[in-house]
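J.: For reference, the sequence and a predicted model appear below.
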Amino acid sequence: MNKKQLVAAIQSTQSFLCVGLDTDISKLPAHLQNHPDGVFEFNKAIIDATKDHCVSYKINTAFYEAMGLKGWEVMERTLHYIPDTHFTIADAKRGDIGNTSAQYARTFFETLPFDAVTVAPYMGEDSVRPFLEYENKVAIVLGLTSNKGAADFELQQTGSEKLYEKVLRTVSSWGTSDNLMFVVGATQAAELANIRNIIPDHFLLVPGVGAQGGSLKDVSAYGMNNDCGLLVNASRAVIYAGSGEDYATKAQQAAAEYQQEMALYLKK
Ligand SMILES: O=C(O)c1cc(=O)[nH]c(=O)n1[C@@H]1O[C@H](COP(=O)(O)O)[C@@H](O)[C@H]1O
């Protein structure tokens, strides 16, 4: 799925919700704990329940890598279960010397046909470039993250600007708003107006609403552009909205609540 199709999906669904499939085996509802394919059954039910309320799914690879061989297989089946009307993100936060990044790009764009992968910019242009060489694929580069540690480097002043501002300005010159997006944490809404001055056209992947306390209202007020330009991710707040046998219904309700609020902001 490309940017144009994503914008059309946001318009028709009236949602810019990305559901995060951070499926933690220890948090599965009791009746799935001993199921031989519990993680996939859980993901399948969550996708069925939420697909009408969201436009994207983000699979955080850590939760699957932690399961070993079986985890990769579950991740692949989950990816193929997501309808192709939805934008798929591998949240893998990769980035290495050029030839290694090329293998990461192959992993997440060819072997596993995701639409996008999250990328760390620390190693510079040659580490990001291989992800930009694919048509209709997107590198989502970490800009200003949602965590406390964002203060350690990203928010530090480097000469006339903060480090994350330098990252946005420099990385955006390596590609286009078609093949690049940036991560900005919902907990960083105060910086969004400034971020929009630097990158007015790029989509932002915004994690940090729900469990991390970020405000959807503030993110929408300061982060939206003419294309919407936002994919707001919620993982735990949706997939663990319930913990019993009705977990999928509870997830649907949580996703529908986000979607209803998003529809209001899209109309503004
Ligand atoms: O790249 C990310 O997705 C990401 C960046 C960031 O700054 N903060 C952040 O929380 N994330 C991811 O977004 C998801 C947030 O999960 P919840 O806090 O449960 O909604 C997790 O998969 C995180 O790894």
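T.: Everything's here; your move.
J.: hey, let's count contacts and neighbours off CA atoms from now on
T.: Fine.
J.: Can you name the residues of this structure that neighbour the ligand?
T.: Contact residues, the chain versus the ligand (Cα under 6 Å from any ligand atom): 22, 60, 91, 145-147, 185, 207-208, 210-212, 234-236.
J.: And these, which is closest to residue 104?
T.: residue 91 (12.0 Å; Cα to Cα).
J.: isn't the closest one right next to residue 57, touching?
T.: No: in this structure residue 91 lies outside contact range of residue 57 using Cα atoms under 8 Å: 10.0 Å.
J.: Comparing these two, which shows the higher neighbour count?
T.: A count of neighbours by other Cα atoms under 10 Å puts residue 57 above the other of residue 91 and residue 57, at 27 against 21.
J.: what's in contact with the helix or strand harbouring that one?
T.: Assigned by DSSP states H and E, residue 57 belongs to strand 56-60. The contact list for strand 56-60 (Cα atoms under 8 Å, 6 or more residues apart in numbering) reads 16-22, 75, 82, 86-92, 231, 233.
J.: Which stretches in the stretch 101-250 of the chain count as strands?
T.: 116-119, 138-144, 157-158, 161-162, 180-184, 204-207, 230-234 (DSSP state E, counting those that start in this stretch).
J.: which helix of this structure spans the most residues?
T.: In the chain, taking DSSP state H as the definition, the longest helix is helix 247-267.
J.: just the angle between that one and strand 230-234, please?
T.: Orientation of helix 247-267 against strand 230-234 (axes from the mean of the first three to the mean of the last three Cα atoms, to 10 degrees) gives an angle of 150 degrees.
J.: send the alpha carbons of helix 247-267 over as PDB?
T.: The C-alpha coordinates for helix 247-267 follow below in PDB (Å, rounded to 0.1, in the frame of the first residue of the first chain):
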ATOM      1  CA  TYR A 247     -11.100  -9.900  24.900                       C
ATOM      2  CA  ALA A 248     -11.900  -9.400  21.200                       C
ATOM      3  CA  THR A 249     -15.100  -7.600  21.900                       C
ATOM      4  CA  LYS A 250     -13.300  -5.400  24.400                       C
ATOM      5  CA  ALA A 251     -10.600  -4.700  21.800                       C
ATOM      6  CA  GLN A 252     -13.300  -3.800  19.300                       C
ATOM      7  CA  GLN A 253     -14.900  -1.300  21.700                       C
ATOM      8  CA  ALA A 254     -11.500   0.300  22.500                       C
ATOM      9  CA  ALA A 255     -10.600   0.600  18.700                       C
ATOM     10  CA  ALA A 256     -14.100   2.000  18.000                       C
ATOM     11  CA  GLU A 257     -13.700   4.600  20.700                       C
ATOM     12  CA  TYR A 258     -10.400   5.800  19.200                       C
ATOM     13  CA  GLN A 259     -12.000   5.800  15.700                       C
ATOM     14  CA  GLN A 260     -15.000   7.900  16.800                       C
ATOM     15  CA  GLU A 261     -12.700  10.500  18.400                       C
ATOM     16  CA  MET A 262     -10.500  10.500  15.300                       C
ATOM     17  CA  ALA A 263     -13.500  11.000  13.000                       C
ATOM     18  CA  LEU A 264     -14.300  14.200  14.900                       C
ATOM     19  CA  TYR A 265     -10.700  15.500  14.400                       C
ATOM     20  CA  LEU A 266     -10.800  14.600  10.700                       C
ATOM     21  CA  LYS A 267     -13.900  16.700  10.200                       C
END
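J.: and the closest residue to the ligand within the chain, how many residues sit next to it?
T.: Nearest residue of the chain to the ligand (Cα to the nearest ligand atom) works out as residue 145 at 3.1 Å. Counted with other Cα under 10 Å, residues neighbouring residue 145 total 22.
J.: Provide a list of residues in contact with it.
T.: Counting by Cα under 8 Å, 6+ apart, residue 145 touches 154, 183, 184, 185, 188.
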